[in-house]
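> build me a structure from this.
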Amino acid sequence: MNDTFLKACRGEKTDYTPVWFMRQAGRYLPDYQAVRGNVTFLELCHTPELCTEVTLQPIDIFGFDAAILFSDILIPMEAMGLDLEFHEGRGPVFPDPVRDRRAVDALIVPDPRETMPFVMETIGLLRKELRVPLIGFSGAPFTLATYLVECGSSKVFLETKKMMYRAPELYDAMMRKITRCTSLYLQAQAKAGAQALQIFDSWAGILAPGDFRRFALPYVQSIIRDLREVTDVPIIYFANNGATLLDLSGTAGADVLGLDWRVNIRDAVSRVGDHALQGNLDPIALFLPEKELVARVERLLDDAADARGHIFNLGHGIVPQTPPDQVRIVVEAVHRYSTR
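Presented below is the predicted three-dimensional model:
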């Protein structure tokens with residue numbers, strides 16, 4: 001087992017900087033497209049053998065130092081009793097929004113082993129195949145809540161913020177259920193064999209720091225406290241677009257803080273240097289000419305040199321239009337330069 005990624009998460013000395021990419025298994029890969037062409041996205045997420053296949057693809061092709069379970073952050077919301085649809089060009093949709101007491105009361109807190117056994121089965125299959133660590137994951141409660149309240153993605157998150165400001169007790173009741181569901185889901189992943197866990201707060205950056213402190217952070221802290229009672233696997237918290245939230249994110253309780261590209265990683269080290277850091281190449285930088293791309297990778301590694309631990313990653317998910325050869329260039333550059 002190549003445990004370089006786990007060592008970096010724990011702030012231990014490594015022979016080189018480990019690298020993996022958010023959404024490394026996905027639409028930019030012809031191998032993934034071949035699998036996806038035969039099933040819907042939800043069918044793929046619900047089929048352990050196919051999830052295993054697409055999770056392994058980028059490991060076999062590029063030599064990443066960690067694999068991340070192929071799934072979607074909204075799968076647990078489906079298990080809470082909501083209808084979930086995926087539409088081409090629009091993304092995930094919940095036809096029935098959660099905006100009133102009746103809808104909140106109808107949410108169930110499921111047993112993840114009973115309602116999402118396909119996820120645990122996928123983890124078991126992957127652990128038999130992988131020679132690098134496996135990362136399990138979930139969405140953060142605030143990010144998950146935005147999808148339920150808005151019926152999907154949003155630009156201004158009007159309905160979510162209206163609930164926060166006008167009906168804080170209703171908002172808290174919803175968040176407590178989502179938090180409990182997420183906590184049990186991550187605990188089940190760890191018990192099934194996930195060797196690290198990442199919490200994706202994709203929409204945290206829409207919040208002012210004070211609102212983040214009140215309406216998002218406490219629920220993440222609760223999940224991490226629960227996890228600490230049952231597992232010692234490293235925990236990564238990624239608050240996207242969170243440069244203004246970095247100091248607060250450092251209080252979440254995670255071992256590793258994921259960074260988007262809007263903050264210089266050297267500055268992040270000076271602010272939250274007691275954490276290992278993950279990131280933070282702009283995904284669109286993968287379209288740079290090779291020489292410039294390699295130079296940018298090397299600068300980022302230099303900037304992260306004083307981090308307690310560093311996992312090289314993108315600042316957000318890889319975009320579908322990315323040429324796979326560009327991924328190979330980055331992985332090889334990280335491995336080559338960081339071993340010097």
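> so who does the residue sitting nearest the centre point of the chain touch?
Against the mean C-alpha coordinate of the chain, by Cα atoms, centre = their mean, the closest residue is Phe200 at 3.9 Å. Phe200 makes contact with Ile73, Phe137, Ser138, Gly139, Ala140, Thr143, Phe238, Asn240 under the criterion Cβ atoms under 8 Å, 6 or more residues apart in numbering. C-beta: built from backbone N, CA, C; applies to glycine.
> first-to-last residue distance for stretch 182-201?
Using Cα to Cα, to the nearest Å, the end-to-end distance of stretch 182-201 comes out at 12 Å.
> what of stretch 36-54?
Start-to-end, stretch 36-54 (Cα to Cα) is 9 Å.
> pLDDT averaged over that stretch - what is it?
Mean pLDDT, computed over stretch 36-54, is 97.
> residues making contact with it?
By Cβ under 8 Å, 6+ apart, stretch 36-54 touches 25-27, 31-32, 35, 69-72, 75, 84, 86, 118, 121-122, 125-126, 129.
> return the distance of that stretch from the chain's centre.
Centre-to-centre, stretch 36-54 and its host chain are 19 Å apart (Cα atoms, centre = their mean, to the nearest Å).
> quick revisit: just the buried ones among the contacts of stretch 36-54, please.
Among the contacts of stretch 36-54, those classed as buried by 16 or more other Cβ atoms under 10 Å are 25-26, 31-32, 35, 69-72, 75, 84, 118, 121-122, 125-126.
> pick the one among those closest to Thr182.
Nearest to Thr182, judged by Cβ to Cβ, of these is Ile75 at 11.1 Å.
> ok, that closest one to Thr115 distance?
As judged by Cβ to Cβ, to the nearest Å, Ile75 and Thr115 stand 9 Å apart.
> surely Leu288 meets Arg296?
Yes. The pair Leu288 / Arg296 is scored as a contact, 6.5 Å apart, by Cβ atoms under 8 Å.
> show me the contacts of Phe200 that map onto helices.
Counting by DSSP state H, the contacts of Phe200 place Thr143 in helices.
> so can I have a markdown table of the contacts of Phe200 showing neighbour count, distance to Met174 and pLDDT?
Formatted as a markdown table, those follow (neighbours: other Cβ atoms under 10 Å; distance: Cβ to Cβ, whole Å; pLDDT from 0 to 100):
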| residue | neighbour count | distance to Met174 | pLDDT |
| --- | --- | --- | --- |
| Ile73 | 19 | 16 | 98 |
| Phe137 | 21 | 21 | 98 |
| Ser138 | 23 | 16 | 98 |
| Gly139 | 24 | 14 | 98 |
| Ala140 | 27 | 14 | 98 |
| Thr143 | 23 | 13 | 98 |
| Phe238 | 26 | 22 | 98 |
| Asn240 | 22 | 21 | 98 |
